[in-house]
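Enquirer: Here's a sequence, model it:
(2 chains)
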Amino acid sequence: MSLRYQRLLLIILSLFFVLGATLLILFNTKENISYFYTPSELSSLNINLDKKIRIGGFVEKNSFNKVSAGDFNFKITDDINSIYVNYKGILPDLFREGQGAVIEGYFQNKEIFNATTVFAKHDENYMPASIKSKLENSGYWNKNY
Amino acid sequence: MSSLIGFASLVLAILFNAYLIFSNFFIKNNGKVFNLFIRTSSVLTIISFFSLMFAYVVSDFSNFNVFQNSHSEKPLIYKISGTWGNHEGSMLLWVSILSIYGLLFSFTKNIDLKFKQETLLIQSSIHILFGLFIIFTSNPFLINSVIVEEGLGLNPILQDPGLAVHPPILYAGYVGYSIVFSQAIASLLNHNKNKDWISVAKKWSLISWTFLTAGIALGSYWAYYELGWGGWWFWDPVENISLMPWIAGLALVHSLLMAKGEQLLKKWIIFLSILCFSLSIFGTFLVRSGILTSVHSFASDASRGLFILLIFFIITGFGFLIFLLKTPESSKPINFLFINKASALVINNILMIIATLTILLGTIYPIIVEVLTNDRISVGGPYFNSTVIPIMIPGFLLMSIAPILSWQTNKVRNARLYVLGFVVISFIVLIQSYFSTFNTWGVLGLILGIWIILASCISIISSSKINYDFKLLQKINPYIAHIGVGVAIIGITCSSVFKNEYELNINEGDKFQIENTMISLEKIEMTNEINFQALRANFLIEKNKKIVARIKAGKNYYPVSKMITTEAGIFHQWYRDIYFIVGDQKDNNWFVKVYINPFVSFIWVGVLIMVLSGFIGISKR
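Expert: Numbering: from 1, shown residues only, chains lettered A, B, ... in the order given. Here you go, the predicted model:
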């Protein structure tokens, strides 16, 4: 086999695999990406009930309620709008009223959100970049958080 | 005082390196002077690192970094490892490891002197770039402006033995690629005709890869028992970033195997060497800039990110520019056949690079979308599972037979035996899964894993005469590494496909049954430890009415930082882990989550085998 044919073969082989990978990526991105919203944005949007989304904001003060051990409801707010959230499971250690949190899950109906996962702020100085800029925009960003 | 020594020696080390580079343009340094300068600068950097560690150990709160991240009531191990438990210290660790590698490399014998010096000069340039980064954006030696008695304490989540081992070993992997990178560039600049750099590159790429493997596995194990980090693999950006240089490094190690007789590959090897280090720095940038939302990022600062991005562009741009300008001429075609070792290795390389690109795309896709549409999105685990795994499967299939293929011919020794083995395994696994729970991925993973182990074993038995000494171990080393992969695949498949989750509301003294195991919540107790209070639920695990284990799970409360951490309790068995998490309580009724994770131990054993075979490979020749 000459050098030229070998290169041709290599290129064809690579293209074949790249094509396969591209198809896989195209078929898989649509369903597996979750969008990120703040409560204010959600009030003006129509969200599909079967679409998994993330909501970022703060846990509203005096909204936290423990139904039983492992079953909670609370409100996520950005100080303009708030959303009622149900969650069954174990809350992160840093989950507190007045602190930042991100929840992931589905809307049960227009009013109630069922969270499947709750993420809380990681440490005292840390705030995920995505919430920070969103909250800065909506004017509810306090440096001391 | 220690801050002053640390800062002065860090600056001096950079000056030494700068002098070395500039003087090299004007005068010809002889070997001895050159080595003296390189080694002095390395030692100074290491002194700088240890003086920071000293400040942590003696709780010298006149150092601002120590004040912010330490507390005098912390156990000694966390005072030592707290040195790199923060951004500034971890960057100093990065540069120190770079220096240690430079120091070690300066003792390498039997290579061309000019080549060695140029490698070390490139190494020095990297040292200067990152040294300046530390001094200007993340100086760990700043003096505290007020006099304080006590520090603010280390983030309780980081107060874990994992912090002591995971970052240094991971960095040893990342930074090791700097030597591979420098060698590749030096050999381009040199038009190095002799091939001895390939054997040196082999050694260093294997060292980096082995440390990176161990580092990732340690991090993975830490994330497995730490609640809220998403288990042993979460496809979190920070995890993906470590996986990219790992896969690219794997491609590099395999290409170097093939490099013996093939000139054409030199180009590819150099390309991969540059790629590996670029990915390592890119990873540092993504983690340190906080541009991506990750569960593992602890600090973020835009100006630091910008600086590292600049360093990334300088190093990567320089590397690929030299690569384009000075590409080595290829003369001889590769000995390709329909199925021989060379073609198998080439396909494996193509697949690995595509897998790396797929991960890269998924990881930076949120950034691209945000820049273009201003939408915030996150790409979750399902994307990676359903793209990366199918891409890797042909590679795994190839891997099981690759070591027995020959270099020169199309023939496969004992081909029938292998086909028979494959059919039998598939049959057994299918039957077994038909009678239990059927899952396509589960079946596929099990067949692949078992098949890789079996094929490697057949190869070992049929290829060598059995005489037990170290030489034999080196000869069958590739098979050992592949057996490790097979074992890990079984562990990964079972623990992700067949895991079960149970939620319970129980009181003290309650008994419950989970998958044929009787478990009881014996009691809940509070204890006082050195720097935290612990709440522990004691679970008794019974077998045939006998108590086989007592597992503690609960929460810690750290008064210094007023934080609570959840501590999982794990009952390890070779074929499964029983994983306990204690949640909230109401009226003494506790919410408890129990996970049954089958065959998790196989992941760690598999990785351990890979790391061991990595070290055997390093000790070779």
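Enquirer: what's the nearest residue to the residue of chain A found nearest chain B if we skip its chain neighbours?
Expert: For chain A and chain B, the shortest gap (Cβ to the nearest Cβ) falls at residue A:70, measuring 3.1 Å. For every residue, glycine as well, the C-beta is placed using N, CA and C. Once flanking residues are discounted, residue A:70 sits nearest to residue B:591: 3.1 Å by Cβ to Cβ, 6 or more residues apart in numbering or on different chains.
Enquirer: how about the one you found, what does it touch?
Expert: A:68-70, A:90, B:503-505, B:582-585 (Cβ atoms under 8 Å, 6 or more residues apart in numbering or on different chains).
Enquirer: Is whichever strand or helix holds residue A:7 positioned near chain B?
Expert: Assigned by DSSP states H and E, residue A:7 falls within helix A:3-32. Yes. Applying Cβ under 8 Å from any Cβ of the partner chain, one finds helix A:3-32 touching chain B at A:3, A:6, A:9-10, A:13-14, A:17-18, A:20-21, A:24-25, A:27-29, A:31-32.
Enquirer: which residues sit against stretch B:143-159?
Expert: Contacts for stretch B:143-159 (Cβ under 8 Å, 6+ apart): A:122-124, B:3, B:59, B:61-64, B:66-72, B:74, B:78, B:82, B:85, B:226, B:298, B:531-532, B:556, B:558, B:560-561, B:563, B:565.
Enquirer: Return the subset of these lying in strands.
Expert: Among the contacts of stretch B:143-159, the residues falling in strands (DSSP state E) are B:556, B:558, B:563, B:565.
Enquirer: Roughly how far does the first one sit from residue B:585?
Expert: Taking Cβ to Cβ, to the nearest Å as the measure, residue B:556 and residue B:585 are separated by 16 Å.
Enquirer: Same check on the second one?
Expert: With distances taken as Cβ to Cβ, residue B:558 is found 20 Å from residue B:585.
Enquirer: just to revisit the earlier point, can you give me the buried ones in the helix holding residue A:7?
Expert: Burial within helix A:3-32, assessed by neighbour count using 16 or more other Cβ atoms under 10 Å in any protein chain shown, is assigned to A:6, A:10, A:14, A:17, A:21, A:24-25, A:28-29, A:32.
Enquirer: Can you tell me the centre-most residue of the chain?
Expert: Looking at chain A here, since you left the chain open. Nearest to the mean C-alpha position of chain A, counting by Cα atoms, centre = their mean, stands residue A:54 at 2.9 Å.
Enquirer: wrong one, I was asking about chain B
Expert: The centroid of chain B falls nearest to residue B:216 when counting by Cα atoms, centre = their mean (2.8 Å).
Enquirer: I figured residue A:75 hits residue A:60, correct?
Expert: Yes. Residue A:75 lies in contact with residue A:60 (Cβ atoms under 8 Å); the separation is 4.0 Å.
Enquirer: which neighbours do those two share?
Expert: Common neighbours of residue A:75 and residue A:60, counting by Cβ under 8 Å, 6+ apart, are residue A:82.
Enquirer: Let me know whether whatever helix or strand residue B:253 lives in sits next to chain A.
Expert: Taking DSSP H and E as the definition, residue B:253 sits inside helix B:237-258. No. Figure legend: helix B:237-258 not in contact with chain A (Cβ under 8 Å from any Cβ); closest approach 11.0 Å.
Enquirer: Show me what the helix or strand that that helix is followed by is packed against.
Expert: Counting by DSSP H and E, the element after helix B:237-258 in chain order, helix or strand, is helix B:265-289. When contacts are defined as 3 or more Cβ pairs under 8 Å, 6 or more residues apart in numbering or on different chains; DSSP states H and E, helix B:265-289 packs onto helix B:87-106, helix B:161-190, helix B:196-225, helix B:237-258, helix B:302-325, helix B:341-373.
Enquirer: do you know which of these lies nearest residue B:44?
Expert: helix B:87-106 (8.2 Å; Cβ to Cβ).
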